[in-house]
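> based on what follows, work out the 3D shape:
(one chain, ligands or ions: 2)
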Amino acid sequence: MSVRLGLRLRDNIYSFSSEVFSFPLECLSRHVCVFGRTGSGKSTTAKVLLFELLKNGVSALVFDRVGEFNVFDGGRVLVPGQNFRVAPLAFDGDDVAYGVEGIVSLFNNFFFTTYFCPLSPLQSRVLRDVLEGYYYRFSEVMRVSRLVEEVRVVQSRYSRVKGWVEGCEALVSRLYPFSRGVLAKVFDSSEDSLDDVLFHGLTVVDLSVLPTDEAKNFLTNVVCDRVYRLGKRLEPSNKLKLVILIDEAHNVAPSLPNYIGVLEKIAIELRKYGVSLVTVSTRPTLVSKNIIANSNLIISHSLTSNEDIRLVLNYMVNELEQESFIHVLRTLDVGEALVQANLPEYGCRAIKVKVGLPEHEHLISAKPKHASKEDSGEVDDELKKVCEQIPAYVKRILYTIACTGENITVKSLPISRRKLKEIAYAYNVIEVKGDKIILTEYGSKIAKRLLAIK
Ligand SMILES: Nc1ncnc2c1ncn2[C@@H]1O[C@H](COP(=O)(O)OP(=O)(O)O)[C@@H](O)[C@H]1O
Ligand SMILES: [Mg+2]
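Ligands and ions are numbered 1, 2, ... in the order given. Just a heads-up that it's a prediction; the model follows:
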């Protein structure tokens with residue numbers, strides 16, 4: 001069984017050869033990295049890989065941040081809030097202490113990779129106490145909204161103890177958005193259907209409908225955490241069974257020294273169960289070194305930053321050759337890539353490939369199936385542009401306000417009154433009236449857009 005990637009480009013010959021570049025399916029079982037600047041052809045390459053995997057009967061789970069992978073027939077598309085929700089606080093088995101530890105570690109992972117700071121010892125303790133307290137009393141899975149409520153209770157009970165209020169507040173303000181409004185439809189649940197079905201056929205999780213990066217990261221973390229736990233129950237196997245494809249992987253597997261998150265754990269521990277990882281990213285320097293170093297197949301489209309180029313070449317060619325390949329990586333055309341598959345028949349050299357063969361044509365030109373998410377025409381376009389110009393933290397505030405039913409006090413946001421007034425002045429999206437913050441007409445239009453999960 002082999003994977004047909006594209007046509008081989010010969011050194012110094014600027015026309016395509018007719019030699020097909022293919023490699024054995026097993027090459028994919030030891031993890032894959034796809035790099036390249038925006039527009040260089042990463043997603044297309046990922047689609048070609050998926051096509052080849054499905055052809056070979058391997059299942060795939062795709063985390064699609066942009067909404068572009070719904071191009072395969074017969075795939076299952078999970079649209080959060082529509083046909084898909086998760087219960088982040090669920091665990092299996094009867095061992096509460098063990099289960100709770102797993103949930104605390106999930107949150108730690110999410111906080112670390114998203115906010116670059118792990119849970120403090122105090123926050124871990126509060127979470128652990130609240131979760132255990134709940135699970136010793138109830139058997140139903142706890143909802144995020146309940147968790148937020150109970151952390152608030154702890155917060156007010158220990159309001160005089162130094163550090164508690166701030167620790168709890170940080171916890172609450174980060175979890176709160178998942179318990180309200182549209183995100184509640186996705187995350188505030190006590191049941192879900194995340195089970196072995198993830199290991200069969202093609203499943204695309206369409207993260208593009210989620211309004212914030214935090215929500216995309218959280219959902220990826222929750223699902224991957226479950227895959228990790230389910231995967232460990234599989235029979236050990238030499239055969240590749242499931243490939244997990246993570247687009248924009250630096251968001252969920254960032255390069256943090258000495259840190260092993262859930263994706264690293266999947267990469268390191270699940271390989272012997274036939275689970276493999278494909279990470280796609282624009283900036284190799286931002287992606288977890290543990291994941292790159294554990295990858296056997298590296299596909300790099302063109303890169304521009306010297307730092308990125310050097311790092312990638314470290315993994316692709318020997319030291320003496322690196323200088324000569326810098327130029328190659330800079331000047332690759334769209335769709336062309338340098339591929340290191342460590343194949344003996346090529347002397348383990350990196351090969352230049354034009355990705356895509358005639359049978360992949362439909363993937364390269366494909367538009368995602370249930371087309372654009374923008375309902376109607378130009379008004380929306382303008383709003384979309386405005387939305388792109390507003391900084392992420394302002395969007396987050398608008399989003400929080402919209403989630404709470406537009407009735408929110410200055411104190412309840414993790415941001416100073418002065419800063420809020422600055423935002424009010426600079427962007428004309430909110431007004432600060434006494435203790436209350438309200439959305440302006442313009443602000444509520446934008447907030448509605450941010451909320452527009454369908
Ligand atoms: N192998 C290829 N052959 C032909 N065209 C390609 C190829 N890869 C990418 N393209 C073109 O470039 C565009 C951007 O590619 P894409 O894969 O979305 O890039 P990225 O994910 O790196 O941003 C595609 O819409 C397609 O038109
Ligand atoms: Mg892409």
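
> gap between the residue of the stretch 101-250 of the chain found nearest ligand 1 and Asn342?
Nearest residue of the stretch 101-250 of the chain to ligand 1 (Cβ to the nearest ligand atom) works out as Asp247 at 7.9 Å. To be clear about C-beta, it is placed using only N, CA and C from the backbone, and glycine gets the same treatment. Counting by Cβ to Cβ, to the nearest Å, the gap from Asp247 to Asn342 is 24 Å.

> these two: who's more crowded?
Higher neighbour count among Asp247 and Asn342: Asp247, with 23 against 15, using other Cβ atoms under 10 Å.

> OK, contacts around that one?
Each residue near Asp247 by Cβ atoms under 8 Å, 6 or more residues apart in numbering is listed here: Ser43, Ala46, Val62, Phe63, Asp64, Arg65, Val66, Phe69, Val280.

> kindly report the same for Arg85.
With Cβ under 8 Å, 6+ apart as the criterion, the residues that contact Arg85 are Lys185, Val186, Phe187, Ser189, Asp192.

> the fourth one belongs to a strand?
Right, the one you point to is Ser189. No. Per DSSP: H, G, I helix; E, B strand; the rest coil, Ser189 lies outside any strand segment and is coil.

> quick check: residues of the chain near ligand 1?
Contact residues (Cβ under 6 Å from any ligand atom) of the chain with ligand 1: 36, 38-44, 334-335, 355-356, 364.

> give me the nearest residue to Val66, chain neighbours excluded.
Leaving aside its chain neighbours, Val66 sits nearest to Ser208 (5.5 Å; criterion: Cβ to Cβ, 6 or more residues apart in numbering).

> ignore the last one, Ser173
Once flanking residues are discounted, Ser173 sits nearest to Pro414: 4.6 Å by Cβ to Cβ, 6+ apart.

> that neighbour contacts Ala170, correct?
Yes. Applying Cβ atoms under 8 Å as the test, Pro414 and Ala170 come out as touching, 7.2 Å apart.

> going through the residues of the chain next to ligand 1, which ones are buried?
Those of these that meet the buried threshold are Gly36, Ser40, Gly41, Lys42, Ser43, Thr44, Gly335, Val355, Gly356, by 16 or more other Cβ atoms under 10 Å.

> so what's the fourth one up against?
Taking Cβ under 8 Å, 6+ apart as the contact definition, Lys42 lies against Val34, Phe35, Gly36, Val280, Ser281, Thr282, His301.

> over to Arg143?
Counting by Cβ under 8 Å, 6+ apart, Arg143 touches Ala87, Leu89, Ser179, Asp188, Ser189, Ser190.

> again with Val58
Leu25, Leu28, Leu240, Lys241, Leu242, Val243.

> roughly how far does it sit from ligand 1?
With the distance defined as Cβ to the nearest ligand atom, to the nearest Å, Val58 ends up 21 Å from ligand 1.

> need the pLDDT of that residue.
Looking at Val58, its pLDDT is 95.

> now do the helices in the stretch 51-200 of the chain.
Using DSSP state H, counting those that start in this stretch, the helices found in the stretch 51-200 of the chain span residues 96-115, 121-137, 144-157, 164-175, 181-187.

> okay if I get the ones you listed as CSV plus mean pLDDT and distance to Thr440?
Output for the helices of the stretch 51-200 of the chain, formatted as CSV (pLDDT from 0 to 100; distance: least, Cβ to Cβ, whole Å):
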stretch, mean pLDDT, distance to Thr440
helix 96-115, 94, 29
helix 121-137, 96, 35
helix 144-157, 94, 28
helix 164-175, 91, 23
helix 181-187, 92, 19
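
> for stretch 253-266, how far is the first residue from the last?
One end of stretch 253-266 to the other measures 11 Å (Cα to Cα, to the nearest Å).

> and what of stretch 52-67?
Counting by Cα to Cα, you get 20 Å between the two ends of stretch 52-67.

> spatially nearest residue to the residue in the stretch 201-350 of the chain that ligand 1 sits nearest to, not counting backbone neighbours?
Per Cβ to the nearest ligand atom, Gly335 is where the stretch 201-350 of the chain lies closest to ligand 1, at 2.7 Å. Nearest residue to Gly335, sequence neighbours excluded (Cβ to Cβ, 6+ apart): Gly41, at 4.4 Å.

> who are the neighbours in contact with that neighbour?
For Gly41, the contacting residues are His301, Val334, Gly335, Glu336, Ala337, Val355, by Cβ under 8 Å, 6+ apart.

> so where does the fifth one fall, helix or strand?
According to DSSP states H and E, Ala337 maps onto strand 336-340.

> gap between that strand and the chain center?
Between the centre of strand 336-340 and the centre of its host chain there is 24 Å, according to Cα atoms, centre = their mean, to the nearest Å.

> and the contacts of the helix or strand that comes right after that strand?
Following strand 336-340 in sequence order, the next helix or strand is strand 351-355 (DSSP H and E). By Cβ under 8 Å, 6+ apart, the surrounding residues in contact with strand 351-355 are 5-11, 16, 21, 41, 44-45, 48, 299, 328, 332-333, 335-341.

> just the buried members of the contacts of Arg143?
Buried among those by 16+ other Cβ under 10 Å: Ala87, Leu89, Ser179, Asp188, Ser189.

> so which pair among these is furthest apart in space?
Ala87 and Ser179 (12.6 Å; Cβ to Cβ).

> now the helix or strand where Ser444 lies: mean pLDDT?
Per DSSP H and E: Ser444 is located in helix 441-450. Mean pLDDT, computed over helix 441-450, is 79.

> if we can go back for a sec, neighbour-wise, which one of the contacts of Asp247 leads?
Phe69 (28 neighbours).

> state the pLDDT value of it.
Looking at Phe69, its pLDDT reads 94.

> list the contacts of it.
Phe69 neighbours (Cβ under 8 Å, 6+ apart): Ser43, Ala46, Lys47, Leu50, Val62, Val204, Leu245, Asp247, Pro368.

> from the chain's centre, how far out does the strand or helix carrying the second one sit?
What that stands for is Ala46. Counting by DSSP H and E, the element that carries Ala46 is helix 42-55. From the chain centre to the centre of helix 42-55 is a distance of 18 Å (Cα atoms, centre = their mean).

> tell me, how many neighbours does the residue in the stretch 51-200 of the chain that ligand 1 sits nearest to end up with?
Distances between the stretch 51-200 of the chain and ligand 1 by Cβ to the nearest ligand atom are smallest at Glu68, namely 6.8 Å. Counted by other Cβ under 10 Å, the residues lying close to Glu68 total 19.

> can I assume it is in contact with Pro368?
Yes. Glu68 lies in contact with Pro368 (Cβ under 8 Å); the separation is 5.4 Å.

> what about Val394, how many residues nearby?
Other residues near Val394 come to 18 when the count uses other Cβ under 10 Å.

> and the helix or strand containing it with helix 441-450, angle?
Using DSSP H and E, Val394 falls within helix 392-403. Following axes from the mean of the first three to the mean of the last three Cα atoms, to 10 degrees, one obtains 90 degrees for the angle between helix 392-403 and helix 441-450.

> so which elements touch helix 392-403?
Judged by 3 or more Cβ pairs under 8 Å, 6 or more residues apart in numbering; DSSP states H and E, the packing partners of helix 392-403 are helix 181-187, helix 417-427, strand 430-433, strand 436-439, helix 441-450.
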